[in-house]
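Colleague: model this:
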Amino acid sequence: MNVLLTGFEPFDRETVNPSWEAVRALDGWRQGGAVVHARRIPCVFGVALRALDAAIDELQPQLVLAVGQAGGRSEFTPERVAINVDDGRIGDNAGHQPIDQPVVAGAPAAYFSTLPIKAMVRDLRAAGIPAAVSNSAGTFVCNHLFFGLMHRAATRPVPGMRAGFIHVPYLPEQVARLPGQPSMALATVVAALRVSIATALAVGEDIRETGGQLH
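Modeller: Okay, the predicted model is just below:
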């Protein structure tokens, strides 16, 4: 079984992105019979989806966890829903700044994660890691990738594939220049991803996928 983990390149004048730093630390990690494959995604509208598609085509993964940075959050946050809107408060790394544009024209207004997000949060908290379900992935490239991922899963599925998106806080070195902002140590983010993968794999087919509404 292949697990695809994606993280973003730095953006908005940052020199590091916690999502990629954590994801690449798990490249090659094995959980039971599953092996993790890490891929770096450009923080560029459109290009991000092409990179994701290429990785899915290559790996045919049974589990996809896309990960992104959410500066200002203090918890590890699995996302519940992706919306069909691109609306950049800033430009992406290619200078594109779409305003109120669909991610995929003619696609549904939203898709729900098919990860067991509540079970993941439960297990993360039991492991001593701050975590919460998030109901908004924003409208920047993170949500763009999340929506594109779920649209791919709905329209060109890999058999048995479950997928979703997780946001992680800044790293401590980032907030050294941003006084008052919360952060999470890289080792904690990596540990949280391990727990999340283990939970998603353990849940497997035993829990019916209901758009993240798992108890």
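
Colleague: correct me, but residue 192 touches residue 77?
Modeller: No: checked against CB atoms under 8 Å, the pair residue 192 and residue 77 is beyond contact range at 10.1 Å. Where you see a C-beta, it was placed from the backbone N, CA and C, and this is true even at glycine.

Colleague: which neighbours do those two share?
Modeller: Common neighbours of residue 192 and residue 77 (criterion: CB atoms under 8 Å, 6 or more residues apart in numbering): 131, 168.

Colleague: This protein: helices as residue ranges?
Modeller: 18-25, 47-59, 117-126, 141-155, 172-175, 186-203 (DSSP state H).

Colleague: Just the buried residues of the fourth one, please?
Modeller: This means helix 141-155. Neighbour counts over helix 141-155 (16 or more other CB atoms under 10 Å) mark 141-153 as buried.

Colleague: Next, the contact list for the closest residue to residue 124 other than its chain neighbours, please.
Modeller: Once flanking residues are discounted, residue 124 sits nearest to residue 131: 3.7 Å by CB to CB, 6 or more residues apart in numbering. Residues in contact with residue 131 (CB under 8 Å, 6+ apart) are 75, 76, 77, 78, 120, 121, 124, 125, 192.

Colleague: try residue 69
Modeller: Counting by CB under 8 Å, 6+ apart, residue 69 has contacts 8, 11, 14, 17, 18, 19, 142, 167, 168, 169, 170.

Colleague: And the residue lying farthest from the centre of the chain, how far from residue 9?
Modeller: Ranked by distance from the centre of the chain (CA atoms, centre = their mean), the top residue is residue 179, with 25.9 Å. Residue 179 sits 25 Å away from residue 9, going by CB to CB, to the nearest Å.

Colleague: now, which of the contacts of residue 131 sits nearest residue 56?
Modeller: residue 78 (19.6 Å; CB to CB).

Colleague: what's the spacing between the nearest residue to the closest one once chain neighbours are set aside and residue 80?
Modeller: In space, and not counting its chain neighbours, residue 78 is closest to residue 117: 4.1 Å by CB to CB, 6+ apart. For residue 117, the distance to residue 80 (CB to CB) stands at 6 Å.

Colleague: So for those two, which residue has more residues nearby?
Modeller: residue 117 (28 against 21; other CB atoms under 10 Å).
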